[in-house]
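Asker: Structure of the sequence below:
(chains A and B)
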There are 2 protein chains.
Amino acid sequence: MIAIGIDLGGTNVKTALVDVNDGFIKLHSFPTEANKGKEYVLNNIASQVKKLIGNGEYSPIGIGMGMPGMVTLDRKKVKNPPNLPGWKVENVADEITKRTGLPCVIENDANLAALGSSTFGVGKNFSDFIMITLGTGVGGGIIINNKIYRGSTGAAAELGHVIIDYHGPLSNSNTRGGVEAYLGQRFLSRYAADLIRQDPDNPLYKKFSENFNTLEPVDLSKAAESGNELAIEILKKSGQKLGYAIVNYVHILDIRKIVVSGGVAKAGKLLLDPATETAKTFLMPPFLEDFEIIYESLGNEAAILGAASLAFAELS
Amino acid sequence: MIAIGIDLGGTNVKTALVDVNDGFIKLHSFPTEANKGKEYVLNNIASQVKKLIGNGEYSPIGIGMGMPGMVTLDRKKVKNPPNLPGWKVENVADEITKRTGLPCVIENDANLAALGSSTFGVGKNFSDFIMITLGTGVGGGIIINNKIYRGSTGAAAELGHVIIDYHGPLSNSNTRGGVEAYLGQRFLSRYAADLIRQDPDNPLYKKFSENFNTLEPVDLSKAAESGNELAIEILKKSGQKLGYAIVNYVHILDIRKIVVSGGVAKAGKLLLDPATETAKTFLMPPFLEDFEIIYESLGNEAAILGAASLAFAELS
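Answerer: Have a look, this model is predicted:
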């Protein structure tokens, strides 16, 4: 069985043919050109889908598509997706079907990353887990009984906007002291830059003092791996904050498997060990049994694999 | 249809005959005498159950029983219930059946309070809601599709141990800055006492300066209702902290109806208005639609009604 997975982002679109057992058959990526408007983007996606299928070479059962923003319970409409200017409440699924002749379901991309881990990644081992994606923002998905937990309206699992310090900084989303306000890429870079500025002897100072805005979390990871004490400390402090957020997820949901993915998560043990230690310190004792934080290496491909998985689950 | 509901607490046991439509037929309460040990407590409960049924006068379908502590997924065993010294992992359901001849299911009492609200209280209006019980501790239950959400092991909805300030005070449960560490009865009383001590002209100072340990949240409510500015401020600050915790529940679960119960909640608008205002300020905008905090007036009876409701759902 074959389905088409699409991952529509503000910068790039990925389209793929996915086999239910073997994963990717083909994977393409092209610029979204979101500034050209909704019609252009959707037409472009449709023509890429036709290219993927070829001349009747493949017969996909349908299309699963991930995108930013909140998706309605019927999995047809998206509401005001960020980074896609001009898109309001749009029936994306029907628009895609109209252009391709294939049935289509859509879902929030962070939820699909969790589903992708559940079907093709480390999440395969667990019927219930919480997936945290540490990227530009901090997103998440909750898998219960191998399905996405969606909540009353489809907007569940805004895990980056879970408060760990109500005195803390405001994030883009309006929440104060949410975990994204510490581990979101720009927040983490700014926090690091503030500390590095005070340490002129640090190699990171020499490298970035011309323009601290170019410092990325990956620079911290690399420096930490080569023994830079300040970088190690920054990742440790950030990991601890992640740990507090995880305590909140676990105490509410009683799901003890935490899967972590995304660019910032590539810092690996330097970030995840302090997160585990903090979570274990502040979890109520009964929740420690089977508690585990696991790194998901699927990366950005988790969402598009999840998109195809949604098609397999909903359209077959 | 009739069932027996039991609410086993550290101080008192309540037993009731409950009609599926009309609620209480009979309700009794007697001291637990937990110090006399498990056998004594269970024998005592069994003889009270026999009294309730009378001489074949009623034919209940079975027994639902609430108690503190974590209950296993099969709803038979409790694990190390607090306030019942000497109880470890105990198959309470089978012990009750052995003594009464009636089938029995058990469940955590905070979860049952949520189910009681769902079947006999304000929760009747919602298929999905979050119930917060503000008592000695802060407990909770999550209702999804009119059922208790239990999590992977049955331990879900430890809502009082959701962190809102990781710098905050440790609570009994090991968590730092959990909402119980602000709104739990003893924490709230101590916080109030610390402020009242600094205000010798306050009528509350005159009333409690001999022994601030006797100050209870209800004293704050009464003072606030009669215009005591300090008491109003204390309840407002506490309500705000509840508001931050509610943001966390809603962002994770996407459930927008919040039902609040318990002794401290009797402060009513003075506590719940600031909670609502804070939650509305820090919720992401899409979650504001249909968001509402509602007071549950069933009080302590919610749990025992929920216990009977569980019997109706599981044993009929």
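Asker: Roughly how far does whichever residue of the stretch 1-150 of chain A sits closest to chain B sit from A:Val250?
Answerer: In the stretch 1-150 of chain A, the residue that lies nearest chain B is A:Asp128 (5.0 Å; C-beta to the nearest C-beta). In this view, the C-beta of every residue, glycine as well, is placed from N, C-alpha and C. For A:Asp128, the distance to A:Val250 (C-beta to C-beta, to the nearest Å) stands at 11 Å.
Asker: the more surrounded of those two?
Answerer: The neighbour comparison of A:Asp128 against A:Val250 (other C-beta atoms under 10 Å in any protein chain shown) goes to A:Val250, with 28 against 21.
Asker: what's the spacing between the residue of the stretch 1-150 of chain A closest to chain B and A:Ser118?
Answerer: Taking C-beta to C-beta as the measure, A:Asp128 falls 10 Å from A:Ser118.
Asker: Spell out, range by range, the helices that occur in the stretch 151-300 of chain A.
Answerer: Under the criterion DSSP state H, counting those that start in this stretch, the stretch 151-300 of chain A contains helices at A:180-183, A:185-197, A:203-208, A:217-225, A:229-253, A:269-282.
Asker: Could you check the angle the longest one makes with helix B:229-253?
Answerer: To tie it back to what came earlier, the one meant is helix A:229-253. Counting by axes from the mean of the first three to the mean of the last three C-alpha atoms, to 10 degrees, helix A:229-253 lies at 90 degrees to helix B:229-253.
Asker: Based on its surroundings, how many neighbours for A:Asn21?
Answerer: Counted with other C-beta under 10 Å, residues neighbouring A:Asn21 total 7.
Asker: Assign it to one of the three secondary structure states.
Answerer: Counting by DSSP: H, G, I helix; E, B strand; the rest coil, the backbone at A:Asn21 sits in coil.
Asker: swap in A:Val13?
Answerer: strand.
Asker: what's the closest non-adjacent residue to A:Tyr166?
Answerer: Nearest non-adjacent residue to A:Tyr166, counting by C-beta to C-beta, 6 or more residues apart in numbering or on different chains: B:Tyr244, 4.5 Å away.
Asker: Burial check on that neighbour, number of neighbours?
Answerer: B:Tyr244 - counted by other C-beta under 10 Å - has 25 other residues nearby.
Asker: now swap in A:Asp74 and tell me
Answerer: Neighbourhood size, A:Asp74 [other C-beta under 10 Å]: 11.
Asker: Where does it sit, in terms of helix or strand?
Answerer: According to DSSP states H and E, A:Asp74 maps onto no helix or strand at all.
Asker: quick one, what contacts it?
Answerer: A:Asp74 makes no contacts at all, as judged by C-beta atoms under 8 Å, 6 or more residues apart in numbering or on different chains.
Asker: do the same with A:Leu230
Answerer: A:195-196, A:199, A:202, A:204, A:223.
Asker: Would you convert these into CSV that also reports neighbour count?
Answerer: Shown next, in CSV, are the contacts of A:Leu230 (neighbours: other C-beta atoms under 10 Å in any protein chain shown):
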residue, neighbour count
A:Leu195, 16
A:Ile196, 26
A:Asp199, 13
A:Asn202, 19
A:Leu204, 23
A:Ala223, 23
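Asker: Identify, from these, the entry nearest to A:Gly56.
Answerer: Checking the contacts of A:Leu230 against A:Gly56 with C-beta to C-beta, the nearest one is A:Ala223 at 52.7 Å.
Asker: so the closest one sits right up against A:Leu204, yeah?
Answerer: Yes. Assessed by C-beta atoms under 8 Å, A:Ala223 is found in contact with A:Leu204 at 5.5 Å.
Asker: shared neighbours, the two?
Answerer: Shared contacts of A:Ala223 and A:Leu204 (C-beta under 8 Å, 6+ apart): A:230-231.
Asker: re the thing from before, thought A:Gly141 was touching the residue of the stretch 1-150 of chain A closest to chain B, still the case?
Answerer: No. Here A:Asp128 lies out of contact with A:Gly141, judged by C-beta under 8 Å, at a distance of 11.9 Å.
Asker: Check which helix or strand A:Lys50 maps to.
Answerer: For A:Lys50, the host element (DSSP H and E) is helix A:38-53.
Asker: just A:Ile130 next, same as before
Answerer: A:Ile130 belongs to strand A:129-134 when assigned by DSSP H and E.
Asker: following that strand, which helix or strand shows up next?
Answerer: Going down the chain from strand A:129-134, the next helix or strand is strand A:138-144, by DSSP H and E.
Asker: who's in contact with that following strand?
Answerer: Residues from elsewhere that reach strand A:138-144 (C-beta under 8 Å, 6+ apart): A:108-115, A:117-118, A:123, A:126-133, A:148-149, A:156-160, A:178-180, A:183-184, A:253, A:255, B:252.
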